[in-house]
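Engineer: structure, please.
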Amino acid sequence: MQIGCDIVENKRLKDIDQRFIDLVLTEKEKELYKTFGTNFLTGRFAAKEAIMKCLNNTKSLSFLDIEILKDKDGAPICNIESINISISHEKEYTFAVAIKKQ
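Structural biologist: A predicted model of the protein is given here:
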């Protein structure tokens, strides 16, 4: 099993520009971002960083290679097979963890 985690200070992503959003979110994620706002963005950013750390891959994998949508119950699901993720929000911070099942 491999694990990766990341924490984001929410105010860091409060006033970002469209260019940053285009670098981090896929088209489907952008649609969800319109509904859920900054918390959605901070969660996806932290989760994608955690996934890259989990896979020991920070050079060949881009944010747009990773897509994190919601399952029928609203839990985050990743398009990369064998990766489970969890995202937590607490006032000023967002934390994400990614676990690769072997």
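Engineer: and the residue nearest the centre of the chain, what's its pLDDT?
Structural biologist: Centroid-nearest residue in the chain, with CA atoms, centre = their mean: residue 44, separated by 2.3 Å. Looking at residue 44, its pLDDT reads 97.
Engineer: got it, and residue 49?
Structural biologist: At residue 49, pLDDT is 95.
Engineer: so when I look at it, I'm seeing a helix, right?
Structural biologist: Yes: under DSSP: H, G, I helix; E, B strand; the rest coil, residue 49 sits within a helix.
Engineer: surely it and residue 6 touch.
Structural biologist: Yes: using CB atoms under 8 Å, residue 49 is in contact with residue 6, at 3.8 Å. The way it works is simple: take the backbone N, C-alpha and C, and place the C-beta from them, glycine included.
Engineer: now do the shared contacts for those two.
Structural biologist: Contact criterion CB atoms under 8 Å, 6 or more residues apart in numbering; residues shared by residue 49 and residue 6: residue 96.
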